[in-house]
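S.K.: Structure for this input, please:
(2 chains)
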Amino acid sequence: MSTTVAATISERVERIETMPSIPAVLLPLMELLNAPPDKVNLDEVVKLVSYDNTIALQTLRIASSPLFGLSKTPQSIKAAVMTLGLRRVGAMVLTSCLGQAFPTKGWALDPTVFWRHSLGCAMVCRKLSEKLRVIDVDKAYMAGLLHDVGFLVNCLVFSKEFAAALERASQQNTPILEAEQQTMGFTHCDTGRALAEKWKLASDIVQVIAHHHAIEDSQSAQSLVSLVHLGDLLCRMRNLGYGYYERQKVDLIDDPAWSVLLKEYRELENVDLVRFTFELDEDMVEIGMLVSIIFGSGKTAAAP
Amino acid sequence: MTAGPQIALARPPAGLAQNPIDPVFRQIRDLVYKVSGIYQLEEKLYLLADSCGRRMRQLNVNTPRDYWDRLTAHANRDAEMRSLLNEVTIGETSLFRSQPQVDAIRQVILPELVAEKSKQVIKRMRIWSAGCSTGEEAYTLAMIMLEEKERLLKEWTVEILATDLNDRSVETAKTGIYGDYALRSTTDYYKRKYFTPVDDKKLQVNPEVKKLINFSRLNLQDDSKMLFMKGMDLIFCCNVLIYFDGPSKTKVVNHFFNNLNTGGYFFLGTSESLLKLNEQFHLVHFPGAIGYWKPSLTGKKP
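M.R.: Residues are numbered from 1 along each chain as shown, chains lettered A, B, ... in the order given. Predicted coordinates:
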């Protein structure tokens, strides 16, 4: 990627801040989430999350989804933070914020498909990290949720170029990544990275966003990048892709990302991938429900 | 409009809220998986509960908890597990049961096999439906191969072996007559092209399809016969392994592995796992389907 292209990307990404729909809590929240847990003032978080009514309500609804392990909707943000912990509530607020941050109309990409893929990947990463018991589960969730955030940037500030790339992908039956490279000269990995840096996301998340398609390029956090890479592939194999060209066959155990993870987490060897896959199928209902919480109803709730 | 009223959306998946499933059924689901590799998805858990219910009535067992004891602590637990598995897999067969599997065969596996085998003098594709029951899978495969005869398999001979332990199943399979239920996933295109109506309810598979298949009786535990099933490119064995105990299962799966050509594929039922029965097979994900690949000796990837 040339320096002019990089400049174009960052110049346009700057504009995102001026988008009217971006929730005010998002950026301060990101900062809070990056701070070490013992440095975070709980009341401050509760205040921050409660500030935006829509987001507060959505967060509580997400908390009551079986994915986050609560059978009843918590009565308040404070109660949610107390039962689920700061990081988990942070992940939920983030989910909700992202749903709010981006417009629902005029997307080059079908937003429901985008959310299904992102939430599916978040869920897979979270569950796999639960099984490996090493990578922080909420970190894994965030990484999965945000890995394709570059597509949102593309839709927002490169809408014409990106629409052309998608057109090419469907006409020539090539992967979106290739089509982006060919028509725009950069990809959602580049635009996502620019946004992630602007938002001052943790550096391991930035690595995931920038390198989930080529894990060998990641300079650090390679295990997290590998985890997301595998989660992404698995989602695509279970009907949670974007509907463009997908690989027709995936041997996860033979993937370099698998070896990277295995080197660090021997536990991976004992993961029953087939059952894991069946469980992902089970989660489809859940994913659909989350999409309707953060996206479907967000549409109406956002209107004053 | 406020978001208030929409909060009602936050609820467990439909069905679970109104009619909570006894958690024991989840335990039974996990036990069934451990024993058989067959996994009942959460949304199909009520089907497992139904199967258990039928067994419970037979046994005069009143609560799921008591039935759990029958499956785990009772002297007859193995036999009971087998009866339950029979209930679980009942009525599972139909033609074109798994479209993702059909797609994987046509779009990935056949092109791969054709490329790999193209240098051989005899262009022959051998497929085995092991435990073919009443023939639905074998005929599905035969129709797919006939479709590909016009493209990929132009100069190829296709042989499909379909075997079952049960004589009556084999005889029924040979007639190739199916009703609405078995044909529920068969599109009109296939119905018109490969079937002839027998009466107003049933269709019969045309001779050109039957010609590809050789139906016979075979006991998968008969080692001497299993040794003669060599040279397969594709083996299907759906919901059959449940009938074997641990050691026989391993033996049967090893036979399958040995009978496959290198680069060949092995498929189980759509909700069935090989567990750890054979570590030489490579698990492969296709869009919406799972298969097992036999690597070549050199470790070369297709």
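
S.K.: isn't there a helix covering B:Tyr139?
M.R.: Yes. Under the criterion used here (DSSP: H, G, I helix; E, B strand; the rest coil), B:Tyr139 sits inside a helix.

S.K.: Report the separation between it and B:Cys237.
M.R.: When Cβ to Cβ, to the nearest Å is the yardstick, B:Tyr139 and B:Cys237 sit 17 Å from each other. For glycine as for every other residue, the C-beta is placed from the backbone atoms N, C-alpha and C.

S.K.: okay, those two: which has more neighbours?
M.R.: Neighbours around B:Tyr139 and B:Cys237, counted as other Cβ atoms under 10 Å in any protein chain shown, are more numerous at B:Tyr139. The numbers are 29 against 22.

S.K.: Need the per-residue pLDDT for that one.
M.R.: According to the per-residue confidence, B:Tyr139 scores 98 in pLDDT.

S.K.: Look up phi and psi at the nearest residue to it once chain neighbours are set aside.
M.R.: Excluding the flanking residues, the one nearest B:Tyr139 by Cβ to Cβ, 6 or more residues apart in numbering or on different chains is B:Val205, at 5.3 Å. B:Val205 has phi and psi values of phi -70, psi 140 when expressed as degrees, to the nearest 10.

S.K.: can you give me the strands in the stretch 51-200 of chain B?
M.R.: Under the criterion DSSP state E, counting those that start in this stretch, the stretch 51-200 of chain B contains strands at B:124-130, B:157-164, B:177-178, B:195-197.

S.K.: closest to chain A out of the ones you listed?
M.R.: With respect to chain A, and counting by Cβ to the nearest Cβ, the nearest of the strands of the stretch 51-200 of chain B is strand B:124-130 at 18.5 Å.

S.K.: Which neighbours in the sheet does the closest one have, and how are they oriented?
M.R.: strand B:157-164 (parallel), strand B:232-236 (parallel) (DSSP bridges).

S.K.: Identify, out of those, the most deeply packed stretch.
M.R.: Neighbour counts (mean count of other Cβ atoms under 10 Å in any protein chain shown) averaged over each of the strands paired with strand B:124-130 peak at strand B:232-236, with a mean of 24.

S.K.: For stretch A:259-269, the averaged confidence score.
M.R.: The predicted model gives stretch A:259-269 an average pLDDT of 92.

S.K.: Reformat the strands of the stretch 51-200 of chain B as a markdown table; add mean pLDDT.
M.R.: As requested, the strands of the stretch 51-200 of chain B are exported to a markdown table (pLDDT from 0 to 100):
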| stretch | mean pLDDT |
| --- | --- |
| strand B:124-130 | 97 |
| strand B:157-164 | 97 |
| strand B:177-178 | 97 |
| strand B:195-197 | 97 |
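
S.K.: And the closest residue to B:Thr93 other than its chain neighbours, how far from chain A?
M.R.: Take B:Thr93 and drop its neighbours on the chain: the residue closest to it by Cβ to Cβ, 6+ apart is B:Glu136, 4.6 Å away. The gap separating B:Glu136 from chain A is 23 Å, by Cβ to the nearest Cβ, to the nearest Å.

S.K.: which SS state does residue 261 fall under?
M.R.: Going with chain A. Following three-state DSSP, the label given to A:Leu261 is helix.

S.K.: Hmm, no, I was thinking of chain B.
M.R.: Applying three-state DSSP: B:Asn261 is strand.

S.K.: B:Lys117 versus that one, what's the distance?
M.R.: Noted for B:Asn261: a distance of 8 Å to B:Lys117, by Cβ to Cβ.

S.K.: repeat for B:Thr93
M.R.: If you go by Cβ to Cβ, the gap between B:Thr93 and B:Lys117 works out to 30 Å.

S.K.: Those two: which is more packed in?
M.R.: Neighbours of B:Thr93 and B:Lys117, each counted by other Cβ under 10 Å, are more numerous for B:Thr93; the result is 19 against 16.

S.K.: Hmm, B:Ser133 and that one touching each other?
M.R.: Yes. The pair B:Thr93 / B:Ser133 is scored as a contact, 5.6 Å apart, by Cβ atoms under 8 Å.

S.K.: Could you pull up the residues touching B:Lys294?
M.R.: By Cβ atoms under 8 Å, 6 or more residues apart in numbering or on different chains, B:Lys294 lies in contact with B:257, B:260-266, B:280-282.
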